[in-house]
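[1] here you go, sequence then predicted model.
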Amino acid sequence: MRVLLVEDDEMIGRSLKQALEGAGWSADWVRDGELAQSALGDGGYTCVLLDLGLPRQDGTDVLRRARERGDATPVLVLTARDGLDDRINSLDLGADDYLLKPFEFRELLARMRAVVRRRDGAAHSLVGSAALQLDLTTREVLVNGEREALTAREFALLHALLERPGAILSREQLENRIYGWGEEVTSNAIDVLIHGMRRKLGAESIRNVRGLGWRVAA
Ligand code: CA
C-alpha cells in the first residue's frame, strides 16, 4: 500500500519514510504543498500523512483543494501546532484524523489502519468478502477462515482488488497502487505476484479478464 508523506522537516521526514517502509508501506515523500497537490492528483495513495506548516502551500490548502476536487483519500494530519482552531479547521475541511507531534510510531500505524478501514466501510480490522478477507492489523488474508501470511506487495494488491470486489483493475492501476516513486517495476511484476498468490489462495481467487486486467469475485 502506498502512502504520501508530506513533511518539510528533513529529520522527521527521513525517519518517518524509513519507518513506514520498514512497516511494509511504499512511502513517497514530498516537502512542500505544491508537490503534495500534484502527487495527490496522480492518485493511487491508500492514505496521506499531512503536515500543516509547509512551504509554497499550507497543508490546510492542500487538504481543501483535494476535497474540492472530490479526492476522498484518507488524510491523517500530523502537526506540532497545539492550536485547537487548527485541529478543528482541518477536521472540518475533511481530514480523517490528526496526531500531534511528537508521537509514537506505533500509534501512527494504528491510526493509519483506522482511517483506511473507515474508508473501506469496515468497523473492525477485516475487509473483503466472506470467501476472501484481509486483516488490516496482521496483514494476513483469511481464505474461508484459514489465515495465510502475505508479503507487503501481495497485501497491497489484494487490498486494491478487495476495495471493489467484481471491479476490474488494469495492470497500470495495480502498479500504481503497489509501487512508489523510483521503485523498479518489471513488465511482468504483476503477473508474477498474482501467480504466487493463486498458489496460496487458490487458482480461482484472482481472475484474469483477458486484455483488461484482474478482479476478485463480487
Ligand atoms: Ca512543517
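    Sure thing, it's come through.
[2] quick one: contacts for the closest residue to Val209 other than its chain neighbours?
    Once flanking residues are discounted, Val209 sits nearest to Ile168: 5.2 Å by C-beta to C-beta, 6 or more residues apart in numbering. Backbone N, C-alpha and C define where each C-beta goes, glycine included. For Ile168, the contact set (C-beta atoms under 8 Å, 6 or more residues apart in numbering) comprises 209, 212-215.
[3] ditto for Leu201
    Counting by C-beta under 8 Å, 6+ apart, Leu201 has contacts 132, 141, 143, 148.
[4] pLDDT wise, what is the second one at?
    I take that to be Val141. pLDDT for Val141: 91.
[5] any low-confidence regions in this structure?
    81, 123 (pLDDT under 70).
[6] can you pull out the helices in it?
    10-22, 33-42, 59-68, 84-92, 105-119, 152-163, 171-178, 189-201 (DSSP state H).
[7] among these, which comes closest to Met1?
    Among the helices of the chain, helix 152-163 comes nearest to Met1, with 4.5 Å by C-beta to C-beta.
[8] picking up where we left off before, distance to Leu52 for the helices of the chain - can I get that in CSV?
    Shown next, in CSV, are these (distance: least, C-beta to C-beta, whole Å):
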stretch, distance to Leu52
helix 10-22, 13
helix 33-42, 10
helix 59-68, 4
helix 84-92, 6
helix 105-119, 16
helix 152-163, 28
helix 171-178, 27
helix 189-201, 36
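[9] spatially central residue for this structure, please.
    Most central in the chain under C-alpha atoms, centre = their mean is Thr46, positioned 2.0 Å from the mean C-alpha point.
[10] so how far is Asp85 from that one?
    Thr46 sits 29 Å away from Asp85 when distances are taken as C-beta to C-beta, to the nearest Å.
[11] show me the contacts for the nearest residue to Ala218 once chain neighbours are set aside.
    With sequence-adjacent residues excluded and distances taken as C-beta to C-beta, 6+ apart, Ala218 is closest to Gly166, at 3.0 Å. Neighbour list for Gly166: 215-218 [criterion: C-beta under 8 Å, 6+ apart].
[12] again, but for Arg64
    Counted by C-beta under 8 Å, 6+ apart, Arg64 has contacts 93-94.
[13] please export the C-alpha coordinates of stretch 75-93 as PDB.
    Provided in PDB are the C-alpha atoms of stretch 75-93 (Å, rounded to 0.1, in the frame of the first residue of the first chain):
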ATOM      1  CA  VAL A  75      -5.900  12.100   5.300                       C
ATOM      2  CA  LEU A  76      -4.200  12.000   8.700                       C
ATOM      3  CA  VAL A  77      -2.900  15.400   9.800                       C
ATOM      4  CA  LEU A  78       0.500  15.500  11.600                       C
ATOM      5  CA  THR A  79       1.000  18.700  13.400                       C
ATOM      6  CA  ALA A  80       3.100  20.300  16.100                       C
ATOM      7  CA  ARG A  81       0.600  23.100  16.300                       C
ATOM      8  CA  ASP A  82      -1.200  23.000  19.600                       C
ATOM      9  CA  GLY A  83      -3.900  25.400  18.500                       C
ATOM     10  CA  LEU A  84      -7.400  24.000  18.900                       C
ATOM     11  CA  ASP A  85      -8.500  26.100  15.900                       C
ATOM     12  CA  ASP A  86      -6.100  24.300  13.500                       C
ATOM     13  CA  ARG A  87      -7.300  20.900  14.500                       C
ATOM     14  CA  ILE A  88     -11.000  21.800  14.300                       C
ATOM     15  CA  ASN A  89     -10.400  23.500  10.900                       C
ATOM     16  CA  SER A  90      -8.500  20.600   9.400                       C
ATOM     17  CA  LEU A  91     -11.200  18.100  10.600                       C
ATOM     18  CA  ASP A  92     -13.900  20.400   9.100                       C
ATOM     19  CA  LEU A  93     -12.000  20.600   5.800                       C
END
